[in-house]
Every structure is written in structure tokens, then in C-alpha cells.
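> Below is the structure, and that's it, no one-letter string:
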């Protein structure tokens, strides 16, 4: 070892707007109890495309979190992201701390961006003419605006980015934010993802790809790793965590919730929407995150799988976990897909699942895969079916895999003091 | 509803103000803190409401200016 000390990065705040509640407390309570956030699709009638359920955000009023005028200028994905950031800011006590705003950054992504706004304005253009497109169309629709709005709402003046890697956006954002701090470009980063695609164009688009479950029953629609799985359930919301340089957090007595110790990012280089069936790309991301964490595969106590409930993802991801950890270790490592409870939040998925990893480590509770009743020979790991398991663990992996062949894996460590 | 009342409603909604704050003589830039984006959006909403086209370089400063422009356009229809 040389004498340069590696910067450690900890989590000092978390926030979420989710199908299981609009705060981390509510969300985690639901997750730990194995509650289902999926219900009937209420935002529009999906009968024509045979879509009946969704994991919608409930009882969300943007004006509870921000100025009504400000909220009016944002697409729902931005509103969710800003609301989650404000909760995270409060928990990390950054709202009252004396911190140089130029050392606070934001990397919050979205898979799609302001889709509701795009849909509305394209319809308006079509019906009323080119000269009727609203001036707020562009600032509301563009996918980076969630990061821009978070910076405005929190006062963060450091590096400010959005990255788009489809369903890996949230997890890639957290990994890249980790590197910003580790390599000294910032002391604090808001990181995560936001998505609001429970609308006609969003759901129809994924339905056209045959990617969504056609189930009418919310309890058997998102059933990751089950033999009868037939597609994912569209979810919406946001997750934002505050990452912070450990010394910086200690110096200001910030609450420390967990530590991020590794990140792996790879590409399949295989197909636009299908994962490489052997899981080779995701396996490399797993190994790369373990390498950075400096741990052996058997030290991983829990994996929050991408586990979308599509036939292709869940078998390929199972292969990836076997390839990444080694087959023997894979069989003894608890894995679950919390998308069984939250549906699939696309670009926000990896972010709310990071929150779950941090809570699993600090609470000693491994969340279940609910609805999993019939096992599939291609999915034969320990998926923690039905209900949560009490177990103290030291390391958790968070897997996210996106269309385009993006693989992101982050590694979290239980916080036991510096 | 008069032209003024409809315009008043649009401005109140966009700028999150009280109805009493938006009167004919009110200057929306100075008194209502409307920025350029707000003004573009208010014009857009008014165009939708009355199905007219408003040129933005028409020297619009007060609510009265907008009401006059809208009325002129409506008469020309």
C-alpha cells in the first residue's frame, strides 16, 4: 500500500416517493412486511392493450413538498425526484449544515424523462398546430431537468449530471456519484433516479415490446423468478440517497446509515433489449464491484436482484449471479427481487433498491420476493420467497440491468463505526 | 365570464396568486414577479382559451394590455 488514503464514502440521507409510500419509513415498513404496492391501473384505461395493473404512487401532492408554482413547472418525474431529495437532505441535516455548496453535487437520472409532458404536448401540437406547443414543454420534458431542479431546490452547486441507461439509470447514477466523491471532485452527492411513465405512451410502448404482465391480479402480476412470470409491472416514483465523504460526514456529525464500497459498470454488447442469456455482462459487473470493495464472493450477504419478472431477465440474471459469485457461493447467497412489491420503476428502480440494501444492512432484515410460488428450473437460487428473513449481514449487492445492455452493480457495507 | 375574468383566472393559476392581486392595472412583471417563462406560458394558455394568436412583441405590461389585445383579436375574428 502507498501512503495515499483511499476516500471512504458513506450514506447520510435517503428519500423516496414510491408505490409503497412517500417516505423511506413508510416504504421500508412495506418492504419488510412483504406488502404489495401493485394495484389496479387507475391513471387510464389499459383494456385495449390488455394491461390492468400498475405500481402507482399514491396520495402524492407535489405542493406538500414544494412551492405550488414551482411544482407546476415540473413534470411528475421531476416532482418525485425533488420530493425524494428534500427528504434525503433533511435526514442528512444538509438543510442546516454549514457546507460549501460548490462541493455538493447531483447525479440523478431517469430512464425516459418527462414522458407525460411529451405525450400531452405532442397531442396538442397535432390537434392545434405547431404554434401551440407550450413554452414549458422543453424545460419540463428534458430528462436532465430532475437533476437541475434538485440543484435549485437543495442549493447544490457542484457537479450536476443526469445519466440515462434505461433501467440501470438509478444504479449507474449512484455508482458514478460514488466515484465523484472517491476521486475528490465533490464531498457530498445527491444520487439516484426518478421516473413517471405510468401513462398511455409509456405503458403502450412497453406493452408493444411484450415486456409487461397482462395479469388482472395485482398479487400474481409481478412474480420474479416464478415459472409463470410473464412480464413486468410498470411502477413510478423516485429514490435519492446522499453520498458523502466519510471524513466530511464525521466532521459535521452527520447520521451515517451505511457505506458504499464498490461499483461495477459493464455492457453486454449483445442485443438492444434482450440480456445476454449467459449473464456474462452482468457477471463482470458483479465481479468488478466485489473487486473494488475488496471482498470475496462468500462475504456477500444479500443481493437485491434486478428481477423484473420477465422470462428473459430472471433466468439470465440467475446465470449472471452464478457466474459472478461462483456457482457454489451463489446457491448459498440470499437473493430477492423487491420488484415483486414495487413493480419496476425503470430509471428509479436501482435507486429505491439501493435504499432497500442500506436498510437491509442496518436493520438485519432481508426483504422477500413475494408472489413466488412455483419454481423455475432456470431460476434455482435462494430468492427469499413470501416473507422477509431476519439475518445480520455485512455486505449487500444491488443489481440493475438496462435495455441497451447496461449493467450496473453497487456494493454496500453495514455501518459499524469508523 | 368576461374576457378579463378568464385572463385573471389564467394568471392566478400560472403565478399562484390570489384573485385580488390580479387587477386590470396590475403590471405582471413588476407586481406579480412573472419571469419570461411565465409570460410565454400565460400567453400560450390565453391563446388556447380564446383560440387566437398573440404576437409577443405587442408591448404587454399590464393585465389591461392583454385584455385589449385579446378583445382586438376577437373582434377581428
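Sure thing, it's come through. In this text, all values refer to a predicted model and were calculated from it rather than measured experimentally. Numbers count the residues shown, from 1 in each chain, chains lettered A, B, ... in the order given.

> now chain A, which segments are flagged as low pLDDT?
A:1-4 (pLDDT under 70).

> what about the residue of it found nearest chain B, neighbour count?
Proximity of chain A to chain B (C-beta to the nearest C-beta) peaks at residue A:135, 3.5 Å away. Just so you know, the C-beta spots here come from the backbone N, C-alpha and C atoms, and that holds for glycine as well. Under the neighbour criterion other C-beta atoms under 10 Å in any protein chain shown, residue A:135 is assigned a count of 16.

> tell me the SS of residue A:230?
Under DSSP: H, G, I helix; E, B strand; the rest coil, residue A:230 falls in the coil class.

> now the strands for the stretch 151-300 of chain A?
A:160-161, A:188-195, A:237-245, A:258-267, A:300-304 (DSSP state E, counting those that start in this stretch).

> Per-residue pLDDT of the closest residue to the residue of chain A closest to chain B other than its chain neighbours, please?
Using C-beta to C-beta, 6 or more residues apart in numbering or on different chains and skipping residues adjacent in sequence, the residue nearest residue A:135 is residue B:40, 3.5 Å away. You'll see residue B:40 listed with a pLDDT of 90.

> same question, the one 4 residues further on
The predicted local distance difference test score for residue B:44 is 94.

> I figured it was touching residue A:128, is that so?
No - using C-beta atoms under 8 Å, residue B:44 is not in contact with residue A:128; the gap is 10.4 Å.

> And those two? Which one has more around it.
Using other C-beta under 10 Å as the criterion, residue B:44 and residue A:128 rank with residue B:44 on top: 21 against 13.

> Count the residues that sit near whatever residue of chain B ends up closest to chain A.
The nearest approach of chain B to chain A comes at residue B:40, 3.5 Å away (C-beta to the nearest C-beta). Counted by other C-beta under 10 Å, the residues lying close to residue B:40 total 15.

> Can you name the next helix or strand after the helix or strand hosting it?
In the assignment (DSSP states H and E), residue B:40 maps to helix B:36-50. Following helix B:36-50 in sequence order, the next helix or strand is helix B:63-76 (DSSP H and E).

> Please state the offset of that following helix from the chain centre?
Averaging C-alpha coordinates over helix B:63-76 and over its chain gives two centres that are 9 Å apart (C-alpha atoms, centre = their mean, to the nearest Å).

> and it, what other elements does it pack with?
helix B:3-15, helix B:36-50 (3 or more C-beta pairs under 8 Å, 6 or more residues apart in numbering or on different chains; DSSP states H and E).

> circling back to that earlier point, the residue nearest to residue A:135 and residue A:137 touch, don't they?
No - with contact defined as C-beta under 8 Å, residue B:40 does not reach residue A:137; the gap is 10.4 Å.

> where does chain B have low pLDDT?
In chain B, residues with pLDDT under 70: B:57-58.

> interface residues of it facing chain A?
Residues of chain B found near chain A (C-beta under 8 Å from any C-beta of the partner chain) are B:14-16, B:37, B:40-41, B:44, B:47-48, B:53.
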